[in-house]
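S.K.: Kindly generate the corresponding structure for this input.
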Amino acid sequence: MKRQRPDRLHWIGRVASTLVVAALLMDASIQFFVPELATSMLRDAGFTPAIAPVLGMIMAACALLYALPATAFLGAILATGFLGGAICAHARLGEIGSPPELISLLLGLLAWGGLYLRDRRLRPLLAIRR
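M.R.: I've put the predicted structure just below:
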């Protein structure tokens, strides 16, 4: 059986997905290795800085699940839930439209947009109608 060559939309989806994975892994590494950078933001959001490694593990797990084709759908669901929680935390503080909130929103859109473009099986489920 001849393997079909990925089209342009597939590659755009891969790039978008790579950006999501990279962003989640970078943030996870900050939580693990340089929690001092996140300490003030965690405190401002009402979280204890001791939760940084837990958040890092969650982000890394979401990124890895999303990066693997077999679990990408589950990874997208979990990453979206995690990013939605970040958006909610900033909204609770009255920071509507703040940079962290907008970045979380953009990453969620990129996660699903990238998956939509790189996995043809998802297209009928999330059909865009005219």
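S.K.: For this structure, which helix or strand comes out least confident on mean pLDDT?
M.R.: Taking mean pLDDT, DSSP states H and E as the measure, helix 35-44 is the helix or strand of the chain with the lowest mean score, a mean of 81.
S.K.: quick one: contacts of that helix?
M.R.: Contacts with helix 35-44, where a contact means CB atoms under 8 Å, 6 or more residues apart in numbering, come from 30, 31, 48, 49, 51, 52, 53, 93, 100. C-beta: built from backbone N, CA, C; applies to glycine.
S.K.: what sits against the fourth one?
M.R.: Residue 49 makes contact with 35, 38, 39, 42, 43, according to CB under 8 Å, 6+ apart.
S.K.: Out of the residues you listed, which end up buried?
M.R.: Among these, those classed as buried by 16 or more other CB atoms under 10 Å are 35, 38, 42.
S.K.: I'd like to know which of those residues is nearest to residue 118.
M.R.: Of all the buried ones among the contacts of residue 49, the one sitting nearest residue 118 is residue 38; the distance, using CB to CB, is 30.5 Å.
S.K.: I'd like to know how far that closest one sits from residue 44.
M.R.: Relative to residue 44, residue 38 is positioned 10 Å away (criterion: CB to CB, to the nearest Å).
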